[in-house]
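Colleague: pasting a predicted model and its sequence here:
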Amino acid sequence: MRLSRSRGLAVLVAFTLAADWTTKFWVQNRLFLGEVRPVVEGWVTLHHSENTGVAFSLFAGAPGVWRLPLLVAGALFGSALCVGLIRSTRDAVLRLAAALVLGGAIGNLGDRLLDGAVTDFILLAYFPFIFNVADVAISAGAVLLALRMMFGEEEEGEQAAPA
């Protein structure tokens, strides 16, 4: 049995979401908030924290009355853009990038809606921010998208815009 490309991307989104929520569930039930547990001494640490903001705790100190609706609206808008990109292009790299961002965005959006904050727990040596599986998926998708935009070849039938 062979999955269609769209179903394969749906599986990737579901896998990303499942990996994110499973790891967050484990952290929430095994580590106290603020608890630190080394995984690879001096390199990788589990550090259970909650982030009420977005990437790098941006907007974390903003008033909750407008922060949550604004962040939820942003996540929904970004998710809609990803779905639109998946549906509108045949470029496999762009579709993969959008699926990774979509899976991560849904993962963090679910946290935000259910808990009011996103559970972060991965801390790497020499990297000052704590993150989670959804953040990894979003970052990987964003890097893929940027690389494709910078170095990608035009699809067959496309022509460059005149200068």
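Modeller: Perfect, thanks for sending it. Residues are numbered from 1 along each chain as shown.
Colleague: list the buried residues for the helix or strand hosting Leu96?
Modeller: Applying DSSP states H and E as the criterion places Leu96 in helix 92-115. Buried positions in helix 92-115, judged by neighbour count with 16 or more other Cβ atoms under 10 Å: 94-112. From N, CA and C alone the C-beta is placed, and that goes for glycine too.
Colleague: low-scoring stretches of this protein, by residue?
Modeller: Scanning the chain for pLDDT under 70 picks out the ranges 1-3, 55-66, 153-163.
Colleague: residues touching Leu31, list them.
Modeller: 37, 46, 48, 121 (Cβ atoms under 8 Å, 6 or more residues apart in numbering).
Colleague: what's the most distant pair in the residues you listed?
Modeller: Arg37 and Phe121 (9.3 Å; Cβ to Cβ).
Colleague: more neighbours, these two?
Modeller: Shown here are Arg37 and Phe121; by other Cβ atoms under 10 Å, Phe121 has more neighbours (24 against 12).
Colleague: for the more buried one, helix, strand, or coil?
Modeller: Assigned by DSSP: H, G, I helix; E, B strand; the rest coil, the conformation of Phe121 is strand.
Colleague: once you drop chain neighbours, what's closest to it?
Modeller: Val27 (4.4 Å; Cβ to Cβ, 6 or more residues apart in numbering).
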